[in-house]
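Novice: Task: produce atomic coordinates for the following.
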Amino acid sequence: MENFKNDFRYFGGLTFIYGVIFVFCLYENFIGITFPIYVAATIGFSVLFLKRLEQSIKRSTIKYFVGMMLLGVSTFMTGNTFVHFFNWVGIILLLIAGMIHQLYDDNEWGFLSQLKNLFKLLGLSILNLITPLIHAFHFLKGSEQNADVIVNQEGSSKEIRVTTEHKNDIEDTNHLSQQGNERGKSTILMVLLGLGLATLLSFIIVPLLMLSDEIFAQFFRNILQHINIRHIVGITITFLVGAIPFYSFFFALFKRNLQGNKGGNGKKADSMVGISFTFVFAVIYMIYSIIQILFLFLRFEGGLPENVAYYQYAHQGFWQLLAVSLINFAMVLVCIQVFVENKLLKSLLLIISICTCIMTVSAVYRMLLYVGAYHLTFLRVLVLWFFGVLTLIMGGVMVSIYRNKFRLFKYVMAVVACGYILFSFARVDFIIASYNLAHTENIAIWEVRYLMNDLSIDAAPAIRNFDLSATTCEFAHEHLSSEIESYYNRILRQDNSGRRWNLSLHLAQRVAKEQVAALNASR
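Specialist: Presented below is the predicted three-dimensional model:
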């Protein structure tokens, strides 16, 4: 887009400053207290880009910024790497969705159109990663051409001044001053470009010279002892990773080539195809749901297969139900978008949706029974959370079956965003450790090892409450005592100063100091 190329001095300058902030906040520090600063900078510079392009901020866009900031705050409050990663994903998706909402009237877009445009903009941003470098090249080339024009203009002005002395002296002086400034800026840019090219080539030339002469090599080794090449390269890469995608995203965004429509894309198919298709699954799901109600929820055991106990029956089929629930969600969604409206089709889709909710409840119930026997793990908590979110989403799908104007995509996004933000703040590892230690008698050594080695530092304050006397085996008791001390010492060795400060690590280290001191005192 020409606005970006012609106004590169502004957009490129902002991008450079953003890259510097990105490096300060995130270089070798992805979970520290500076992470919310990075998110705030992303929001702030996005607003500056929009303002420069004469876009006033919609009030409804602010909720996307609030979600981004909450995820940013959540990041430095936990040590869970899963949460850290998906906080990044959530921030990126909220930024993309928020900017689409800012520039487009997306209220009438269908679910599939919303989803398609979100990933289309993401793809266009990736395809335009080279654009910032192209614009920078044109900017430098333009400055060089301006300098040549200025030199020619200076020569002409000298001739004019010889023949027209004492005419427009003040104007000529101001004009020359401006020309001198432009030429100075161009000279600086050219010098920087030359130094950059020389630096790149030196990575090839200098090692070859060092291999050719030992004295020269020793001379450079003495110099390099005071220069950390790893940090220089790392900072440069971090800067580029932060600045270039930011610029390319807004360049792709302001191309304004996204399209959407209310109900879907193209002509809709005959509803009879959808009716015959959904009727088969509606019957199957109704039979399955009745069985769940009778044999799982009401515990009617008379019809269980021979040699199958109730607890064995309840523990079967969890993951299969998860897969079927996701398929049903996609099936209902596609049928709404693809087929012509029909009352019978709507009724069948409603039956499938209700049966999907029953399957979801069945899967959650099975998982709770399993947790009662084998306790919590992070995966089990995650799946329980996912089923809760899926149930809320299916509620929205059922509403959209009968209300065409229902903004299903916005509803789904709000449910997922709010649900995940709550999950990210929940300190799940602490909950898991607390629950397992509170509900375990004669705890096994592998269960304690799971809490220390597989969970994040969020679990450390809960592990403090572990009573070694709960282990009946003397061998296990001795080994656990040593492993727990090693666990706390490992936490104490982690750097938690300055911009790396993390709340979860701070709490874990405070507990670790107490526990290590108590273990040393007991000896």
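Novice: Least confident secondary structure element in the protein?
Specialist: The weakest-scoring helix or strand in the chain, judged by mean pLDDT, DSSP states H and E, is helix 310-314 (a mean of 58).
Novice: That one: what's the following helix or strand?
Specialist: Moving toward the C-terminus from helix 310-314, the next helix or strand (DSSP states H and E) is helix 318-338.
Novice: And that following helix, how far out from the chain middle?
Specialist: 25 Å (Cα atoms, centre = their mean, to the nearest Å).
Novice: Pull the residues that contact it.
Specialist: Here helix 318-338 makes contact (Cβ atoms under 8 Å, 6 or more residues apart in numbering) with 110-112, 263-264, 268-269, 274, 277-278, 281, 285, 345, 349, 352-353, 355-356, 359-360, 362-363, 366-367, 370, 383, 386-387, 390, 393-394, 397, 400-401, 408. (Glycine included, C-beta is placed from N, CA and C.)
Novice: cool, and stretch 370-378?
Specialist: 80, 82, 311, 314-315, 318, 380, 428-429, 431-432, 435-436, 439-440, 447, 450, 454-455.
Novice: Buried members of those into PyMOL, please.
Specialist: Per 16 or more other Cβ atoms under 10 Å, the buried members of these correspond to this PyMOL selection:
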select buried, resi 80+82+314+318+380+428+429+431+432+436+450+455
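Novice: Among the contacts of stretch 370-378, which are located in helices?
Specialist: Mapping the contacts of stretch 370-378 onto helices (DSSP state H) picks out 82, 311, 314, 318, 380, 428-429, 431-432, 435-436, 447, 450.
Novice: per-residue confidence at residue 214?
Specialist: Residue 214 carries a pLDDT score of 81 in this model.
Novice: And the ones in helices among the contacts of stretch 370-378, which two are furthest apart?
Specialist: Using Cβ to Cβ, the ones in helices among the contacts of stretch 370-378 reach their maximum pairwise distance at 82 and 311, which is 29.9 Å.
Novice: so where's the stretch 351-500 of the chain uncertain?
Specialist: Applying pLDDT under 70 to the stretch 351-500 of the chain flags the ranges 442, 469-478.
Novice: let's see 90
Specialist: For the stretch 351-500 of the chain, the stretches flagged by pLDDT under 90 are 359, 361-375, 383, 403-406, 437-449, 464-485.
Novice: Per-residue confidence, the residue at minimal distance from the centre of the chain, what does it come out as?
Specialist: Nearest residue to the geometric centre of the chain (Cα atoms, centre = their mean): residue 89, 1.6 Å. We have a pLDDT of 95 for residue 89.
Novice: can you check the one 10 residues further on too?
Specialist: What the model reports for residue 99 is a pLDDT of 95.
Novice: Residue 253 is in contact with that one, correct?
Specialist: Yes. Between residue 99 and residue 253 a contact is recorded at 5.3 Å, counting by Cβ atoms under 8 Å.
Novice: any common contacting residues for those two?
Specialist: residue 121.
Novice: quick one, which of these two is more surrounded?
Specialist: residue 253 (26 against 22; other Cβ atoms under 10 Å).
Novice: Next, the contact list for the more buried one, please.
Specialist: 99, 100, 103, 121, 125.
Novice: try 10 Å this time
Specialist: Shown in contact with residue 253 (Cβ atoms under 10 Å, 6 or more residues apart in numbering): 1, 46, 49-50, 53, 95-96, 99-100, 102-104, 121, 124-125, 128.
Novice: Can you turn the buried part of these into a ChimeraX selection?
Specialist: Buried residues within the contacts of residue 253, by 16+ other Cβ under 10 Å, are selected in ChimeraX with:
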select :1,46,49,50,53,95,96,99,100,102,103,121,124,125,128
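Novice: Give me the secondary structure label for residue 362.
Specialist: What DSSP: H, G, I helix; E, B strand; the rest coil gives for residue 362 is helix.
Novice: That one reaches residue 293, doesn't it?
Specialist: Yes. Here residue 362 lies in contact with residue 293, judged by Cβ atoms under 10 Å, at a distance of 8.9 Å.
Novice: Which parts of the stretch 101-250 of the chain are helices?
Specialist: Ranges of helices in the stretch 101-250 of the chain, per DSSP state H, counting those that start in this stretch, are 111-127, 131-163, 169-212, 214-224, 229-253.
Novice: Least confident of those helices, on average?
Specialist: Per-stretch mean pLDDT for these is lowest at helix 131-163 (a mean of 61).
Novice: hmm, back to that, filter the contacts of helix 318-338 to the buried ones?
Specialist: 110-112, 263-264, 274, 278, 281, 285, 345, 349, 352-353, 355-356, 359-360, 362-363, 366-367, 383, 386-387, 390, 393-394, 397, 400-401, 408.
Novice: Tell me which of those residues fall in helices.
Specialist: Here DSSP H is the test, and those give 111-112, 274, 278, 281, 285, 345, 349, 352-353, 355-356, 359-360, 362-363, 366-367, 383, 386-387, 390, 393-394, 397, 400-401, 408 as lying in helices.
Novice: Please, which helix or strand holds the residue lying closest to residue 389 once chain neighbours are set aside?
Specialist: What sits nearest to residue 389 in space, not counting adjacent residues and going by Cβ to Cβ, 6 or more residues apart in numbering, is residue 419, at 4.5 Å. Residue 419 is located in helix 408-425, with elements delineated by DSSP H and E.
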